[in-house]
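Q: Mind folding the following:
(chains A, B, C and D)
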There are 2 protein chains.
Amino acid sequence: MKYETRKDEIIQTSAILFQKKGYSAVTMRDIAKAMGIKAASLYNHINSKQEILSEIIISLAEQFTEQMKIIKTSDDSSINKLKQVVALHVNITSNNQFGMASLNSDWMHLENELEYYLKLRKNYENDFRSIIEKGIQENELANANPEVMLFSLLSTLRSLYIWLPKKEDLNIEKFITELSTVLINGINK
Amino acid sequence: MKYETRKDEIIQTSAILFQKKGYSAVTMRDIAKAMGIKAASLYNHINSKQEILSEIIISLAEQFTEQMKIIKTSDDSSINKLKQVVALHVNITSNNQFGMASLNSDWMHLENELEYYLKLRKNYENDFRSIIEKGIQENELANANPEVMLFSLLSTLRSLYIWLPKKEDLNIEKFITELSTVLINGINK
DNA sequence: TTTTTTAACTAACAACTGTTAGTTTAAAGT
DNA sequence: ACTTTAAACTAACAGTTGTTAGTTAAAAAA
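A: Residues are numbered from 1 along each chain as shown, chains lettered A, B, ... in the order given. Sure thing, here's the model as predicted:
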């Protein structure tokens, strides 16, 4: 069986559609059609369109938060922690190709859960920033503007959902190594 | 006068709204309300909602394409060309904060102009890739995967529209230097 | 002064939106 | 055999959508 429950199937089908056109441009009739049923039938399994979006985004955001907490509290070097963050993004993204598009592009359409999402994101960014700042303090990272570093790293990691699907025959482990190298050592000779 | 024409005012007002909620979630009534007129009055100046999106996106995409052509055909070093590309993105983004959100998030809602937009983007990416590949060939850049380099650089530059507005009192020239340094030399000590 | 143009307005349209109510069918549980 | 549940259906709702038609008032051009 491909899906655990019918609700799960609705959520994953919706994620595919949301990724193509965005949450607002996808109708309940679009989702239903993709599943071969009528729009009203969706409501036997979910309570609202909004709930579908929440389920997609919040579960992903929580995965990031949980894993970041583990990385943050380990006693690895800053560089190693950053490598683990790269691996975290690549792994979650490659397993949730479609949902990551909603996380990045449709979070503002959350209603009840918007505040909670923003809290999770803020915490995540703060943890990320702490790792970088500690690395600079301890002379492990270059003495550059930590905000610029954070921006650059996070932008690349957040865009993975656009790029990973294009590379069908990708060796994930190799890619994590290559990406870490470029992000940490730059592109200079 | 803040706007050259009333049409220009509609386009710039729309860009602000599109940036917050995305093209599909913004209605003609929203745009009209933001301008203090009725939705039907917009049609004295523009032909369709679609036209507003096209005007925002295509003019920006053409700016990138034109400037890239100039950078590409100069006889600078690869590193200097890349620094110029960084400056190009920072400058266009800081002058078109809101429009850049549409360019990055709403291009798929283009209709007649979608094909043209995709052509411009493909050309731009190809030029970018050529600069990187030449840099590697001539031993100016690290011998890493050029696709990963391109992905990393482009992701960061395309996300500028999210970050620049947050830094109100930003020295643009200084930021271009800092960002170039991080992108080219990485974050390692 | 008269005419034309500009740019707003009201009213309405047909299509589409998320969602609800009530019904039907078949499988599962007793 | 009977009852309950799961999951589909049809029909409809009230509100919203982009857009058009026709009108009005004031400014610009003649």
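Q: low pLDDT regions in chain A?
A: Scanning chain A for pLDDT under 70 picks out A:1.
Q: Residue numbers of it in contact with DNA strand C?
A: Contacts of chain A with DNA strand C, taken as Cβ under 7 Å from any atom of the strand, map to A:Val26, A:Thr27, A:Met28, A:Arg29, A:Ala39, A:Ala40, A:Tyr43, A:Asn47, A:Ser48, A:Lys49, A:Gln50. Every C-beta, even on glycine, is put in place using the N, C-alpha and C of the backbone.
Q: of those, list those near DNA strand D.
A: A:Ala39, A:Ala40.
Q: out of the residues of chain A next to DNA strand C, who has the most neighbours?
A: In terms of neighbours by other Cβ atoms under 10 Å in any protein chain shown, the residues of chain A next to DNA strand C top out with A:Val26 at 22 neighbours.
Q: wait, what's in contact with that one?
A: Taking Cβ atoms under 8 Å, 6 or more residues apart in numbering or on different chains, we find A:Val26 in contact with A:Ser14, A:Leu17, A:Phe18.
Q: burial of A:Leu42, as a residue count?
A: Around A:Leu42 there are 23 other residues, counting by other Cβ under 10 Å.
Q: mind checking how far it is from B:Asn188?
A: 50 Å (Cβ to Cβ, to the nearest Å).
Q: what do you get for A:Ser102?
A: Taken as Cβ to Cβ, the span from A:Ser102 to B:Asn188 is 33 Å.
Q: Those two: which is more packed in?
A: For A:Ser102 and B:Asn188, the more surrounded residue by other Cβ under 10 Å is A:Ser102, and the numbers stand at 25 against 15.
Q: contacts for the helix or strand containing that one?
A: Using DSSP states H and E, A:Ser102 sits within helix A:99-105. Residues outside helix A:99-105 that contact it (Cβ under 8 Å, 6+ apart): A:15, A:18-19, A:22-23, A:53, A:56-57, A:59-61, A:92-93, A:158-162, B:22, B:105.
Q: Name the residues of that helix that are buried.
A: A:Gly99, A:Met100, A:Ala101, A:Ser102, A:Leu103, A:Asn104, A:Ser105 (16 or more other Cβ atoms under 10 Å in any protein chain shown).
Q: just curious, which of the residues you listed is nearest to DNA strand D?
A: A:Ser105 (18.3 Å; Cβ to the nearest atom of the strand).
Q: any idea how far A:Asn96 is from the closest one?
A: With Cβ to Cβ as the criterion, A:Ser105 and A:Asn96 are 14 Å apart.
Q: Next, the distance between the ends of stretch A:105-115.
A: Using Cα to Cα, to the nearest Å, the end-to-end distance of stretch A:105-115 comes to 16 Å.
Q: ah, wrong one, I meant stretch A:93-109
A: Terminal residues of stretch A:93-109 are spaced 21 Å apart (Cα to Cα).
Q: export the buried residues of helix A:99-105 to JSON lines and tack on distance to DNA strand D?
A: Shown next, in JSON lines, are the buried residues of helix A:99-105 (distance: Cβ to the nearest atom of the strand, whole Å):
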{"residue": "A:Gly99", "distance to DNA strand D": "21"}
{"residue": "A:Met100", "distance to DNA strand D": "27"}
{"residue": "A:Ala101", "distance to DNA strand D": "22"}
{"residue": "A:Ser102", "distance to DNA strand D": "20"}
{"residue": "A:Leu103", "distance to DNA strand D": "24"}
{"residue": "A:Asn104", "distance to DNA strand D": "23"}
{"residue": "A:Ser105", "distance to DNA strand D": "18"}
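Q: now, which of those residues sits nearest DNA strand C?
A: Scanning these for proximity to DNA strand C, where the rule is Cβ to the nearest atom of the strand, the winner is A:Ser102, at 14.2 Å.
Q: And the helices in chain A?
A: Ranges of helices within chain A are A:6-21, A:28-35, A:39-42, A:49-73, A:78-95, A:99-105, A:114-137, A:146-158, A:160-163, A:172-185, based on DSSP state H.
Q: Out of the ones you listed, the one nearest B:Glu140 is which?
A: Comparison of the helices of chain A against B:Glu140 by Cβ to Cβ identifies helix A:172-185 as nearest, at 15.0 Å.
Q: now the angle from the closest one to helix A:78-95?
A: Put simply, helix A:172-185 runs at 140 degrees to helix A:78-95, going by axes from the mean of the first three to the mean of the last three Cα atoms, to 10 degrees.
Q: ok, back up a step: generate a markdown table for the contacts of A:Val26, with neighbour count and distance to DNA strand D as supplementary columns.
A: Converted to a markdown table, the contacts of A:Val26 look like this (neighbours: other Cβ atoms under 10 Å in any protein chain shown; distance: Cβ to the nearest atom of the strand, whole Å):
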| residue | neighbour count | distance to DNA strand D |
| --- | --- | --- |
| A:Ser14 | 27 | 14 |
| A:Leu17 | 19 | 17 |
| A:Phe18 | 26 | 18 |
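Q: Need the residues you listed in TSV (columns: distance to A:Thr73).
A: Converted to TSV, the contacts of A:Val26 look like this (distance: Cβ to Cβ, whole Å):
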residue	distance to A:Thr73
A:Ser14	35
A:Leu17	38
A:Phe18	34
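Q: which one of these is nearest chain B?
A: The closest of the contacts of A:Val26 to chain B turns out to be A:Phe18 (Cβ to the nearest Cβ; 11.2 Å).
Q: Skip the chain neighbours and tell me the closest residue to the closest one.
A: Closest residue in space to A:Phe18, ignoring its immediate chain neighbours: A:Ser102 at 4.8 Å, by Cβ to Cβ, 6 or more residues apart in numbering or on different chains.
Q: cool, and A:Arg29?
A: A:Ala39 (4.6 Å).
Q: need the contact list for that neighbour.
A: Per Cβ under 8 Å, 6+ apart, neighbours of A:Ala39: A:Thr27, A:Met28, A:Arg29, A:Ile31, A:Ala32.
Q: what does A:Thr93 give?
A: A:Met100, A:Leu160, A:Tyr161, A:Leu164.
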